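> Provide a 3D model corresponding to the input given below.
(chains A and B)
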Amino acid sequence: DGGITQSPKYLFRKEGQNVTLSCEQNLNHDAMYWYRQDPGQGLRLIYYSQIVNDFQKGDIAEGYSVSREKKESFPLTVTSAQKNPTAFYLCASSISGAGHGNTIYFGEGSWLTVV
Amino acid sequence: QQPVQSPQAVILREGEDAVINCSSSKALYSVHWYRQKHGEAPVFLMILLKGGEQKGHDKISASFNEKKQQSSLYLTASQLSYSGTYFCGTESGSGSRLTFGEGTQLTVNP
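Got it, this is the predicted structure:
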């Protein structure tokens, strides 16, 4: 089945640790995105990538890093610089980049909690 | 610029209708509608491109008024399964990013 797979579903981070959230898609989409969602709030864009080996900061990129070495993979690292990382993280993809009316499809999400 | 959704929350009885609005301060190229159940991924409902079109999806439809820079989502004869948070996302032009509103929480009771 085609889709977007995020792992892990639940992750706990200690203070000062970096953690990496995995996102893999087999939809052959060029564009991939990471969103953060806080309880009762909307979706805020962290980073996005429209092509392999290229990515751009979204609205809340501070404390996060990404890479796009393969078309199907777009991992997100939450660094120790992110002071309030507890949230629901959603990876998404679309056939091509934003601004063209392309549908964005979401993965199942990853819950990150700081302990 | 984040679109503004209204109302923030609505409670319905099964079979009732609801309208959710999404407005932007910028000219819009497209409007995307999603529904999300708690702790799950947002599910795509429909996309409307500039041109004032209206789309339907079973008993859920939407309109897009490009001149007023707003879109409305219409849910008719609501079912229990319609409960969730509805988000609109807007694009303001080629190369722009999809920006989401804060969501409208819809609860359908028996």
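
> And the nearest residue to B:Ser83 once chain neighbours are set aside, how close does it get to B:Ser72?
Distance criterion C-beta to C-beta, 6 or more residues apart in numbering or on different chains; nearest residue to B:Ser83, sequence neighbours excluded, is B:Val108 at 4.9 Å. Glycine gets a C-beta too; all of them are placed from N, C-alpha and C. To B:Ser72, B:Val108 is 18 Å away according to C-beta to C-beta, to the nearest Å.

> How about A:Gly3?
From A:Gly3 to B:Ser72 the distance is 30 Å (C-beta to C-beta).

> What of A:Gly58?
27 Å.

> Enumerate the residues of chain A near chain B.
By C-beta under 8 Å from any C-beta of the partner chain, the part of chain A that sits against chain B consists of A:35, A:41-45, A:48, A:58, A:88, A:90, A:97-101, A:103-109, A:111.

> one more time with 10 Å
Counting by C-beta under 10 Å from any C-beta of the partner chain, the positions of chain A adjacent to chain B are A:3-4, A:6, A:9, A:33, A:35, A:37, A:39-45, A:48, A:50, A:56, A:58-59, A:88, A:90-92, A:94, A:97-109, A:111.

> Would you mind identifying the next helix or strand past the helix or strand of chain B with the lowest mean pLDDT?
The weakest-scoring helix or strand in chain B, judged by mean pLDDT, DSSP states H and E, is strand B:54-57 (a mean of 67). Where DSSP states H and E defines the elements, the next helix or strand beyond strand B:54-57 is strand B:60-65.

> Would that next one count as contacting chain A?
No - applying C-beta under 10 Å from any C-beta, one finds strand B:60-65 out of contact with chain A, separated by at least 11.3 Å.
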